[in-house]
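*Asks:* structural data only, the sequence is not supplied:
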């Protein structure tokens, strides 16, 4: 009996071993999935978002030695807003710019232009990094990705030659980026939406929950980057972050719903600049009742071309200078939102007349008709405002037209101040968000920070998810520059390298010195001298008078500059040169190129006068 039991035991053990060997592969995998690892997948660097910032970060980290890089993208393909853009990237002192004749641009001019366009609402320290490294970003695209650029660097978003144009626009960036990803072996999971960033007991970011094609997965990572874009397609979040914008509609890129901001905020990240966005006016009725889009509810022609345009609130009265529009009507937004909230409505009324829209060829979008009326009383009835108030508004406005100045709101004929005549037209309009500039707070290494300034270890952010360092013209440049900074910083963290010096310090070291056009210690012969330089749209000729060895007078003899942009420089730079007895004076704000051309011409005159 004892021998039988022993034999049975041996057989049982043997069967157990055989069974165990047969299942060893599955058991080990299951154990790895469920016990030895808390995650469904593990990588070194996880990038959330496959737009410009995320792609640049992934490639940069890989180039710095990070081996296992993964991008998760919630859409069906990579690229985000970068690949559907015009492919215009701001930069200076780049190889593209140096290869073709152009008016040189420096850091100070670029930074001043960016901050002026953004009404000085950006983080100055971070914006300086954006500007200081923008030329390096262009060179990186050329050298690392073999990105094709057109030869000419264009003037755009101000007076500077700074806009580098990708051949093929945004879509022309797809192939170079995809080739770089493939060559580096960087994995991309599309149709994968990140929903939660997980932290450990110390507060370090260690994993991300994602909804994938195969269900919910948790991906562990040594470092994580947020590159999810902004929130211009999530008006509810916009209003939550800043109630002043309640009532806006989202017309931004479809995936820009603020996922990264929400996930980061939920683990303690600070949010910043959420009161700063770009909105454009759209047709309220089409947006609210016809599922409107940016195109189907377009009123841009009416707003920009109607020189007799007036806005009225629910009381039938004007409330602002309607022609104070700036870039994409930015100066219109705040007073319109204020009036909407005052009235308790979701819109204000835009009024012009039939003759104006016929002349400008600006019909209402979506084959709809504007509200039309032969009298002010009839118009008031149709739009539901007090007839007496609207009559007073139209009468007062037309009197300002005859007077040549709108004393109430400081509107001038140069801006557009022409008479309103029957028959009148009206349409309700609402500001709709298209780009957001607020987002997750970060430091100069692109590390996510809390409100107290401490970092959330292992977490980085770039692009429109934290776009408080860019504005028009710099959107893509900012995304790529900060994507690279985030990738570089994450690589150092993952590989245990010493933290690099602050990129802000690099900016200060590499900022070009101000050029000296002419050494004013040179002795000069008295007399009148003339010189011609190439201007914006033709020759610019200056006559300089030297008396007693000093600059006595500067006269602009010929110029073809754009009057609206260059007037300040044309009026002020000659007198400044005389008063300071120098051709190296500060450029006139908003007219940097014209200022420089005048100085160059006077310098040529002084070279003629030199003994």
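*Replies:* Sure, I can see it. Keep in mind that what you see is a predicted model, and the values were worked out from it rather than measured. Numbering: from 1, shown residues only.

*Asks:* could you use CA atoms for every contact and neighbour count after this?
*Replies:* Noted.

*Asks:* what's in contact with stretch 285-293?
*Replies:* 249, 251, 296-297, 428-429 (CA atoms under 8 Å, 6 or more residues apart in numbering).

*Asks:* how about stretch 448-461?
*Replies:* 203-206, 222-227, 268-270, 440-443, 446-447, 483, 486, 490, 493.

*Asks:* tell me which element the spatially closest residue to residue 350 that is not a sequence neighbour falls in.
*Replies:* Take residue 350 and drop its neighbours on the chain: the residue closest to it by CA to CA, 6 or more residues apart in numbering is residue 311, 4.7 Å away. Using DSSP states H and E, the element containing residue 311 is strand 310-312.

*Asks:* re the thing from before, any idea how far the residue nearest to residue 350 is from residue 240?
*Replies:* 27 Å (CA to CA, to the nearest Å).

*Asks:* where does residue 456 land in three-state SS?
*Replies:* Recorded secondary structure, residue 456: strand (DSSP: H, G, I helix; E, B strand; the rest coil).

*Asks:* and residue 67, that's in a strand?
*Replies:* No: Residue 67 is assigned coil when assessed by three-state DSSP, not a strand.

*Asks:* re the thing from before, quick one: which of residue 311 and residue 240 has more around it?
*Replies:* Neighbours per residue, other CA atoms under 10 Å: of residue 311 and residue 240, the larger number sits with residue 311, 22 against 12.

*Asks:* which stretches of this protein have low pLDDT?
*Replies:* The chain contains residues with pLDDT under 70 at 1-36, 325-331, 467, 505-515, 536-537, 563-565, 589-593.

*Asks:* give me the phi and psi for the most centrally placed residue in it.
*Replies:* Most central in the chain under CA atoms, centre = their mean is residue 475, positioned 3.2 Å from the mean C-alpha point. The phi and psi torsions at residue 475 (degrees, to the nearest 10) take the values phi -60, psi -50.

*Asks:* quick one on the thing from earlier: how close does the residue nearest to residue 350 get to residue 490?
*Replies:* From residue 311 to residue 490 the distance is 50 Å (CA to CA).

*Asks:* ok, residue 211 - contacts?
*Replies:* So residue 211 contacts 192-195, 217 (CA under 8 Å, 6+ apart).

*Asks:* which phi and psi does it have?
*Replies:* phi -90, psi 120.

*Asks:* what bridges to it?
*Replies:* residue 193, residue 216 (DSSP bridges).

*Asks:* that one and residue 190: what is the separation?
*Replies:* Taking CA to CA, one finds residue 211 at 11 Å from residue 190.

*Asks:* swap in residue 112?
*Replies:* Distance of residue 112 to residue 190, computed by CA to CA: 39 Å.

*Asks:* and for residue 67?
*Replies:* 20 Å.

*Asks:* could you do residue 143 as well?
*Replies:* In terms of CA to CA, residue 143 sits 27 Å off from residue 190.

*Asks:* ok, now residue 151?
*Replies:* For residue 151, the distance to residue 190 - CA to CA - is 34 Å.

*Asks:* same drill for the two, tell me which one is more crowded.
*Replies:* residue 190 (18 against 15).

*Asks:* that one contacts residue 75, doesn't it?
*Replies:* Yes: between residue 190 and residue 75 a contact is recorded at 6.0 Å, counting by CA atoms under 8 Å.

*Asks:* these two touch, right, residue 442 and residue 465?
*Replies:* No: assessed by CA under 8 Å, residue 442 is found out of contact with residue 465, at 10.5 Å.

*Asks:* the two: who's more crowded?
*Replies:* residue 465 (29 against 26).

*Asks:* might one say that that one is in contact with residue 232?
*Replies:* No: taking contacts as CA under 8 Å, residue 465 lies outside contact range of residue 232: 10.7 Å.

*Asks:* okay, and the common contacts of the two?
*Replies:* residue 258.

*Asks:* ok, now which ones touch the closest residue in space to residue 254 that isn't next to it in sequence?
*Replies:* Excluding its sequence neighbours, the residue lying closest to residue 254 (CA to CA, 6+ apart) is residue 233, at 6.1 Å. The neighbours of residue 233, taking CA under 8 Å, 6+ apart as the test, are 249-257, 433-434.

*Asks:* name the residues of the host helix or strand of residue 285 that are buried.
*Replies:* Using DSSP H and E, residue 285 falls within helix 284-289. For helix 284-289, a neighbour-count test (16 or more other CA atoms under 10 Å) marks 284-287 as buried.

*Asks:* could you dump the residues you listed to JSON lines with distance to residue 562?
*Replies:* Shown next, in JSON lines, are the buried residues of helix 284-289 (distance: CA to CA, whole Å):
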{"residue": "284", "distance to residue 562": "36"}
{"residue": "285", "distance to residue 562": "38"}
{"residue": "286", "distance to residue 562": "38"}
{"residue": "287", "distance to residue 562": "37"}
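
*Asks:* which other helices and strands contact the helix or strand where residue 181 lies?
*Replies:* Using DSSP H and E, residue 181 sits in helix 174-184. Here helix 174-184 touches helix 52-63, helix 134-145, going by 3 or more CA pairs under 8 Å, 6 or more residues apart in numbering; DSSP states H and E.

*Asks:* quick one: the first one to helix 134-145, angle?
*Replies:* For helix 52-63 against helix 134-145, the angle by axes from the mean of the first three to the mean of the last three CA atoms, to 10 degrees is 60 degrees.

*Asks:* contacts for helix 52-63?
*Replies:* Applying CA under 8 Å, 6+ apart, the contact partners of helix 52-63 are 45, 47-48, 68-71, 79-83, 177, 180-181, 184, 186, 225-227, 462-463, 476, 479-488, 490-491.

*Asks:* please redo it, this time with the cut-off set to 6 Å
*Replies:* Applying CA atoms under 6 Å, 6 or more residues apart in numbering, the external contacts of helix 52-63 come out as 82, 227, 462-463, 479-480, 483-484, 486-488, 491.

*Asks:* same check on the last one?
*Replies:* If you take CA under 6 Å, 6+ apart as the criterion, helix 134-145 is touched by 91-94, 147, 176, 481.

*Asks:* just the buried positions in it, please.
*Replies:* Going by 16+ other CA under 10 Å, helix 134-145 has these buried residues: 134-142, 145.

*Asks:* and after it, which helix or strand comes next?
*Replies:* strand 154-155.

*Asks:* also the first one?
*Replies:* As assigned by DSSP H and E, the chain's next helix or strand after helix 52-63 is strand 69-72.

*Asks:* buried residues, that following strand. List them.
*Replies:* Buried-residue list, strand 69-72, by 16+ other CA under 10 Å: 69-72.

*Asks:* packing partners of it?
*Replies:* Applying 3 or more CA pairs under 6 Å, 6 or more residues apart in numbering; DSSP states H and E, one finds that strand 69-72 contacts strand 41-48, strand 187-189.
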